[in-house]
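Peer 1: what's the 3D shape of this:
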Amino acid sequence: MGKIRVAIAGLGSCASALIQGVEYYRDQMGGEIPGLMHVDFGGYFIRDIEFVAAFDVNDLKIGKDVSEAIFEEPNLCAKYADVPSTGVKVLPGPISDGVAPHMYDAFHVNKDLEPVDVAEVLKESEAEILINYLPVGSAEGTKLYAQASLDASCAFVNCIPEFIASVPDEAAKFTDKGLPVAGDDIKSQVGATILHRAMAELFYERGVHIDSTYQLNIGGNTDFLNMTVENRLQTKRISKTKAVTSLIPYEVPTRIGPSDYVPFLEDHKICYIRVNGHGFGNLPITLDAKLVVNDSPNSGGVVIDVIRAVKLALDREISGPLTSISSYAFKHPPTQISDDIARRWVEDFIEGKRER
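Peer 2: Model (predicted):
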């Protein structure tokens, strides 16, 4: 069915995991792959994904082939695939608010580099989909790349908690241009949010009244370093909290989101979740869980599914926010529904039924 031409904004550890994953599973044409809904997703396979452009602000990455840049500092994603040369050089993107003041050294930012015209690069590379992997808190940067996608007639996948697909006015811009958009804030294969949702839904569906709940996350990659400044993670807290509380039809005291940066954890993330409630006889019930994951690769397979869903939307000339894949794959989608229903919606979409 042809190639899927993908551009990436922000070549950090998550992008490294995605690019390595595409190479690692390139020859898989059947069976099952952990983290993917299907190897064959509506006629598209992993090998069909081709990376055609990349943008970053890190001086150690700019000018290098994508295959080399994904292993430069401060990327911490485990190396699990040898990525051959892509012939695609990393280009300087706009800094905007993508770099917090305390992150300039960590990101090796060269303030003197003139950013490229992102829209022109997208056009020249014939990119069909732009993936936004900017750091959390990049509100203006996300809008810049979203506008570049619109200007270049390119679909947009927003993997971070700066809201585009879930904001009607922003999503309408893609509808008007005849382009699909998916987002916002990617879920991991088995991450803190998906586990917390399952725990909260279990309590509610079994008739336990939830009194309070928290989710505390610690990690050692630059995502956690970036979020040590509270104003960088405001939308992150909103996204993660809404993903859980949307399943509960009453107010619940919560504290959900990143809690601390622990450098020696590197790309490992540790999550502590507690749900407090009371059941029959008004007696207390408490559930505690601890989850330890390699953080960056945890969402790689999910993004591969999203890429292929967006490509199907392009093929079918479906525009605007993609409700089914967004509800399944993102924490803050245009429509919040339970994960089992969201998966069913995606299966229907793959089969060619009308988008929800």
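
Peer 1: remind me which residues of the stretch 251-356 of the chain are low pLDDT?
Peer 2: Of all residues in the stretch 251-356 of the chain, none has pLDDT under 70.

Peer 1: residue boundaries of the strands in it?
Peer 2: With strands called from DSSP state E, counting those that start in this stretch, the stretch 251-356 of the chain shows them at 254-261, 268-278, 284-294, 320-321.

Peer 1: and the third one, which strands flank it?
Peer 2: Taking DSSP bridges as the criterion, strand 284-294 forms sheet pairs with strand 268-278 (antiparallel).

Peer 1: contacting residues for V302?
Peer 2: Counting by Cβ atoms under 8 Å, 6 or more residues apart in numbering, V302 touches 35, 186-189, 329. Any C-beta I mention is one placed from the backbone N, CA and C, and that applies to glycine too.

Peer 1: pull out the buried residues from these.
Peer 2: 35, 186-188, 329 (16 or more other Cβ atoms under 10 Å).

Peer 1: by pLDDT, give me the weakest of the residues you listed.
Peer 2: Within the set of those, pLDDT is lowest for G35 (91).

Peer 1: and that one, how far is that from L233?
Peer 2: G35 is 25 Å from L233, where distance means Cβ to Cβ, to the nearest Å.

Peer 1: on that earlier part again, quick one: which of the buried ones among the contacts of V302 is nearest to G2?
Peer 2: G2 lies nearest to A329 out of the buried ones among the contacts of V302, by Cβ to Cβ, at 22.6 Å.

Peer 1: I'd say that closest one and K187 touch.
Peer 2: Yes: proximity of A329 to K187 meets the contact threshold set by Cβ atoms under 8 Å, at 5.8 Å.

Peer 1: give me the contacts around stretch 233-251.
Peer 2: Contacts to stretch 233-251, defined as Cβ under 8 Å, 6+ apart, come from residues 136-137, 139, 161-163, 184-185, 187, 192-193, 196-197, 200-201, 204, 210, 213, 215, 227, 252, 254, 256-258, 331-332, 336, 338.

Peer 1: ok, now stretch 346-356?
Peer 2: Identification of contacts with stretch 346-356 by Cβ under 8 Å, 6+ apart yields 37-38, 41-42, 305, 309, 312-313, 316, 318, 322-325, 327-328, 335, 345.

Peer 1: render the CA-only coordinates of that stretch in PDB, please.
Peer 2: Only the C-alpha atoms of stretch 346-356 are listed here, as PDB (Å, rounded to 0.1, in the frame of the first residue of the first chain):
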ATOM      1  CA  VAL A 346     -10.300   1.400  16.500                       C
ATOM      2  CA  GLU A 347     -11.000  -2.200  15.200                       C
ATOM      3  CA  ASP A 348     -14.200  -0.800  13.500                       C
ATOM      4  CA  PHE A 349     -12.100   2.000  12.000                       C
ATOM      5  CA  ILE A 350      -9.500  -0.500  10.600                       C
ATOM      6  CA  GLU A 351     -12.300  -2.500   9.000                       C
ATOM      7  CA  GLY A 352     -13.400   0.600   7.200                       C
ATOM      8  CA  LYS A 353     -16.500   1.600   9.200                       C
ATOM      9  CA  ARG A 354     -17.200   5.300   9.700                       C
ATOM     10  CA  GLU A 355     -15.000   7.200  12.100                       C
ATOM     11  CA  ARG A 356     -16.900   7.900  15.400                       C
END
